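**Q** what follows is a predicted structure for the sequence shown.
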Amino acid sequence: MTTRKRILLITGMSGAGKSTALDTLEDMGWEVVDNLPLTLLDRLLRTPPAGGTDEGRPLAVGIDSRTRGFAADGIIRRIQTLRDDPLYELTTLFLDCAGAELERRYSETRRRHPMALDRPAADGIARERELLAPLRRDFGVILDTTGFSRNDLQHDIRARFSGERGATTTLLIQSFGFARGLPRNADLVFDMRFLRNPHWDRELRPLTGLDGDVAAYVAEDPAYAQAVAQIESLLLLLLPRYALEGKSYVSVAFGCTGGRHRSVHVAERVAATLRAGGFSPTVQHRDLATTPKDAIEDRRNGRP
């Protein structure tokens, strides 16, 4: 049986991270082509790789509003042709970002927006967003990079596309603190603030959910065993369904007030349970390195 060629098409707002995504994929061993007119894609696919190059390498193609002959409707038709072709396994990724953040990035780098060379960046951003709207609606994966650093985006791309083939769902389990905002790209969010808080134990406060004493303290909560077991049961039910529906990436987030104790421990426990169930989750602790702050805990827990 012939192995289907894996192709990833990446587009999105200028400044949202396409170059970083393509660089990361290239470092992971992908063949990468940027700003290729899709009229030339067939020729590229028919061309054998250079000597010594693995013909089975997946291919990532970057397209944007600067690509020669760019036309959203034409791109969508070409994408549908590739989706219908049994020789290819196609994934589409749209990188989005809030306008204010894009303006900040352009101001910080002192670069001009490609669609507003002689006008404010905001004008180019608005024009490009309108131009790309049909692609955003059609693309399968939408990744909002507004709160991402370059390192965050690199980590996310590696987590999504590190598998040799795209047939399985990439699973991210993360912890976070509500005091510092929700994760932008979480599919499922579970609030762990109903559990007893180790922050109010002076000996446990400097520790984290990775420490055994904190884990034992949280696990002593009367609601812990049943609640976490039900969450695990739900995930074991839902994750295979996501895979059957072709969802290539699922992010599950566990939150507590500061993101250092309860959410960290529960994320680690759930990840271990999912591994035992045959899944391969990547675990991230977004706020683990933050400094404990009584003021945040007081305000979030209604203390005077």
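**A** Okay, I see it.

**Q** so where do the strands sit in the stretch 51-200 of the chain?
**A** 59-62, 88-96, 141-144, 170-177, 188-191 (DSSP state E, counting those that start in this stretch).

**Q** okay, now the unreliable bits of the stretch 1-150 of the chain?
**A** Scanning the stretch 1-150 of the chain for pLDDT under 70 picks out the ranges 1-2, 48-55.

**Q** please enumerate the helices of it.
**A** Here the stretch 1-150 of the chain has its helices, by DSSP state H, counting those that start in this stretch, at 18-27, 41-46, 72-84, 99-109, 121-138, 150-161.

**Q** which outside residues touch the shortest one?
**A** Taking contacts as Cβ atoms under 8 Å, 6 or more residues apart in numbering, the residues outside helix 41-46 that touch it are 5, 33, 36, 59, 61, 78, 88. Backbone N, C-alpha and C define where each C-beta goes, glycine included.

**Q** just stretch 193-213 next, same as before
**A** If you take Cβ under 8 Å, 6+ apart as the criterion, stretch 193-213 is touched by 175, 178, 214-215, 217-218, 220-221, 223-224, 227, 255-258, 260-268, 285, 288, 292, 297, 300-301.

**Q** about what we covered before: so of the strands of the stretch 51-200 of the chain, which one's packed in deepest?
**A** Mean neighbour count (mean count of other Cβ atoms under 10 Å) peaks for strand 170-177 among those, with a mean of 24.

**Q** show me the domain layout of the protein.
**A** Domain assignment for the chain, taken from automatic domain parsing, gives 5-161, 170-300.

**Q** what distance separates the first one from the middle of the whole chain?
**A** With Cα atoms, centre = their mean, to the nearest Å as the basis, the distance from the averaged C-alpha position of domain 5-161 to the chain average is 15 Å.

**Q** what is the neighbour count of Leu207?
**A** Leu207: 18 surrounding residues under other Cβ atoms under 10 Å.

**Q** so it, which of the three states?
**A** When classified by DSSP: H, G, I helix; E, B strand; the rest coil, Leu207 comes out as coil.

**Q** for it, give me phi and psi.
**A** The phi/psi pair for Leu207 (degrees, to the nearest 10) reads phi -80, psi -180.

**Q** my guess is Ile75 meets Ile63, correct?
**A** Yes - using Cβ atoms under 8 Å, Ile75 makes contact with Ile63 at a distance of 6.7 Å.

**Q** quickly list what's touching both of these two.
**A** Common contacts of Ile75 and Ile63 (Cβ under 8 Å, 6+ apart): Leu38.

**Q** buried sites along stretch 261-277?
**A** Using 16 or more other Cβ atoms under 10 Å as the test for burial, stretch 261-277 gives 261-271, 273-274.

**Q** over to stretch 222-229?
**A** Buried residues in stretch 222-229, counted by 16+ other Cβ under 10 Å: 224, 227-228.

**Q** hmm, who's touching that stretch?
**A** For stretch 222-229, contacts defined as Cβ under 8 Å, 6+ apart pick out 194-195, 218-219, 266, 269-270.

**Q** rounded mean pLDDT for that stretch, please.
**A** Here stretch 222-229 scores 97 as its mean pLDDT.
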